[in-house]
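Chemist: Turn this into a structure:
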Amino acid sequence: MAINEKSYLASLKSLDTEEHIDLWFYRPIGYGWACLAKKLGVTPNAITIASIFLGVGAGIAYGYAWPLSLHWNLEAEIGIGWIYTRYDVYPCTGCGRKIDENRTHNYVGPTKAALNIVYLF
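Modeler: Residues are numbered from 1 along each chain as shown. Got it, this is the predicted structure:
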């Protein structure tokens, strides 16, 4: 998707408040997603709800499979990782007035646990 440079530049905050990584990496990606959402008719409220579940993270996972029979396996997996996210604080759901914004949170700990029964074709 081509980015309209004039529209993109108008969407930025003042250049003295933008970080270099934001200008060259995060902002173009976010602008592209915003343009796509607008074309698809996705509302800003829906984007806000989706962003609650998005952040930046890294981690590792380990799994193992135990054969139960020719066509069945039992699999177990566990993952640990780091998640960084930003969030805004509201007094209640639907109030619309922010108490605080751009808070950050780092989480380190379990991020995945799975026990699966798998059919092999």
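Chemist: what kind of secondary structure is residue 32 in?
Modeler: Counting by DSSP: H, G, I helix; E, B strand; the rest coil, the backbone at residue 32 sits in helix.
Chemist: quick one: it from residue 109, how far?
Modeler: For residue 32, the distance to residue 109 equals 32 Å [Cβ to Cβ, to the nearest Å]. Where you see a C-beta, it was placed from the backbone N, CA and C, and this is true even at glycine.
Chemist: Please say which of the two ends up with more neighbours.
Modeler: Between residue 32 and residue 109, counted using other Cβ atoms under 10 Å, residue 32 has the larger neighbour count: 14 against 9.
Chemist: Now residue 112: closest residue in space that isn't a chain neighbour?
Modeler: Spatially, and ignoring its direct neighbours in sequence, residue 112 is nearest to residue 79 (3.4 Å; Cβ to Cβ, 6 or more residues apart in numbering).
Chemist: dump the residue contacts of that neighbour.
Modeler: Residue 79 makes contact with 59-62, 110-113 under the criterion Cβ atoms under 8 Å, 6 or more residues apart in numbering.
Chemist: ok, now residue 60?
Modeler: Remark: with contacts taken as Cβ under 8 Å, 6+ apart, residue 60 is in contact with 79-81.
Chemist: now those in a markdown table, with distance to residue 104 and pLDDT?
Modeler: As requested, the contacts of residue 60 are exported to a markdown table (distance: Cβ to Cβ, whole Å; pLDDT from 0 to 100):
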| residue | distance to residue 104 | pLDDT |
| --- | --- | --- |
| 79 | 22 | 93 |
| 80 | 20 | 94 |
| 81 | 17 | 91 |
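Chemist: closest to residue 20 among those residues?
Modeler: Distance to residue 20, by Cβ to Cβ, is smallest for residue 81 among these, at 26.7 Å.
Chemist: what about residue 43, distance to residue 112?
Modeler: Here the criterion is Cβ to Cβ. By it, residue 43 lies 31 Å from residue 112.
Chemist: Please say which of those two ends up with more neighbours.
Modeler: The neighbour count for residue 43 versus residue 112, taken as other Cβ under 10 Å, is higher for residue 112 (14 against 10).
Chemist: how many neighbours does residue 78 have?
Modeler: Each residue near residue 78 was counted by other Cβ under 10 Å, and the total is 15.
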